[in-house]
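J.: what's the 3D shape of this:
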Amino acid sequence: MITLTSPAAGPLSLPRPFWMLWLGVLVNRAGAMVQPFLSVYLTRVQGFEIGETGAVMAVFGVGSVLSHMVAGRLADRFGRRVTLTGGMLATSASMVLMGAATGFALVAVTAFLLGLTIESYRPASQAMVADLVPPSVRPRAYGLLFWGVNLGYAVAMVAGGWFADRGPTAMFGVNAAVAVAFAVLVWRAVPESRPAAAASGAWRLVLRDPPMLAFCVVTTAYGAMYAQAFTTLPLAMAGQGITGVHFGLVMALNGVLIVAVQPLVGERLSRLDPNRVLAAGTAVVATGFALTAFVHDAKGLAATVVIWTAGEIAVAGSIPTIVSLLSPPALQGTYAGLSGMSWSVGAVLAPVLGSFLLPFGPGALWGGVGLVGLAAAFGATALGGPVRRRASFL
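T.: Residues are numbered from 1 along each chain as shown. Got it, this is the predicted structure:
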């Protein structure tokens, strides 16, 4: 039986392979500059119309959704290290192909391949953490991985703009190079961690797991709420007269707070029940978005961003921890892939929900988004019992 209380040792007590994985994720995300600037590249360099750019981005999104399922299953069948290394090498190749592609059809095909490979490291790395780290310290480990992703992303946003000004070859080339560097680091410094026993009929087992399926509904709802920050929120704030410059500066608060605060609170959060942390964090995120209904200037927006970022920090380590507790050891990758896919589905639904509610005014929009988040928080609370019973067998 496990406890959900972290030992007194600090984060440096985590095993060396975990830190090598963490370093690889940091390096990879620091060079991941194509994705944030992809729509700009498609319109300015490829010369696509808005409709064509939207279609390519949609194809990229479909590939990204599928990548979680594919990579998760491969991680269980062939190993975490093989999947992660192969996925990063495939990402590098896809970057090179897309950087060289011209014409709508060829660019769309390479965008799908890039989407299919670029997120493949997530379920494999999540499963690897579950293999390497005892259940009692997984929230801290996953929180640190989340911190590394955001630290690298902050670097990528700055460096990406610099490289984008110097042409697509530089941007795609750097991104391809860091993907190879991640692959080499994992292959040389991180041992294979997959349990010896391979499970057959993996998808049949996971699709007959009611707590896991219910948890996927929770993560889908959370994704549909959280992704409003990058879909509907810019449009709504423009309608309130907030300029793009001010909006960008305020949204930068999100990354700054994550980088500054997460290492300080991660260990304390890891001592708590992950379902309760998830429920509370989701409720805080929902509150932050609901309060956006009263925002009329950049200062008000900054206050709401601070609120929902605080909730996001709590949620970050709890979701993969719960998935790892629900999953049999031999299916960590498959469960992580399904969880990642459910979040991605929520992100796809976000603009649909937001665009439907936006014409009804700020109250309906942000009140509706907040209700979606509160429903997810109640769902996380209700799943606490089944998760704790499953964890008691570990």
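
J.: the strands in the stretch 151-300 of the chain, which residues?
T.: Applying DSSP state E, counting those that start in this stretch to the stretch 151-300 of the chain gives no strands.

J.: ok, residues contacting stretch 57-71?
T.: 38-39, 42, 83, 87, 108, 111-124, 333, 336-341, 344-345, 348 (CB atoms under 8 Å, 6 or more residues apart in numbering). Bear in mind the C-beta positions are built from the backbone N, C-alpha and C, glycine included.

J.: contact partners for residue 300?
T.: residue 294 are the contacts of residue 300 under CB under 8 Å, 6+ apart.

J.: just the ones in helices from the contacts of stretch 57-71, please.
T.: Secondary structure from DSSP state H places 38-39, 42, 83, 87, 108, 111-118, 121-124, 333, 336-341, 344-345, 348 of these in helices.

J.: and the gap between residue 195 and residue 130?
T.: 10 Å (CB to CB, to the nearest Å).

J.: scratch that, residue 105 is what I was asking about
T.: Taking CB to CB, one finds residue 105 at 40 Å from residue 130.

J.: on that earlier part again, more neighbours, residue 195 and residue 130?
T.: residue 130 (26 against 14; other CB atoms under 10 Å).

J.: so that one, which state does it fall into?
T.: Following DSSP: H, G, I helix; E, B strand; the rest coil, residue 130 is assigned to helix.

J.: so it touches residue 328, yeah?
T.: No: Residue 130 is not in contact with residue 328 according to CB atoms under 8 Å; the separation is 10.6 Å.

J.: ok, and the closest non-adjacent residue to residue 302?
T.: Nearest residue to residue 302 in three dimensions, chain neighbours excluded: residue 250, at 4.9 Å (CB to CB, 6 or more residues apart in numbering).

J.: how about the contacts made by that neighbour?
T.: 242, 298, 301-302, 305.

J.: between residue 195 and residue 130, what contacts are shared?
T.: In contact with both residue 195 and residue 130: residue 329, using CB under 8 Å, 6+ apart.

J.: now tell me what touches the lowest-mean-pLDDT helix or strand in the chain from outside.
T.: Ranking every helix and strand in the chain by mean pLDDT, DSSP states H and E puts helix 202-206 at the bottom, with a mean of 78. Residues from elsewhere that reach helix 202-206 (CB under 8 Å, 6+ apart): 73, 76-77, 199, 212, 328, 331, 334-335, 338.

J.: again, only using 10 Å
T.: 69, 72-73, 76-77, 199, 212-213, 216, 326-328, 330-331, 333-335, 337-338 (CB atoms under 10 Å, 6 or more residues apart in numbering).

J.: and those residues, which of them are buried?
T.: Buried members of the contacts of helix 202-206, scored by 16 or more other CB atoms under 10 Å, are 69, 72-73, 76-77, 212, 216, 326-328, 330-331, 333-335, 337-338.

J.: pull out the buried residues from the host helix or strand of residue 309.
T.: Applying DSSP states H and E as the criterion places residue 309 in helix 298-326. Neighbour-count burial for helix 298-326, counted by 16+ other CB under 10 Å, picks out 298, 300-305, 307-326.

J.: pLDDT (mean, whole number) over that helix?
T.: Here helix 298-326 scores 93 as its mean pLDDT.

J.: who's in contact with the residue nearest to residue 41 when sequence neighbours are not counted?
T.: Excluding the flanking residues, the one nearest residue 41 by CB to CB, 6+ apart is residue 168, at 5.9 Å. Residue 168 makes contacts with 34, 37, 41, 44-46, 98-100, as judged by CB under 10 Å, 6+ apart.
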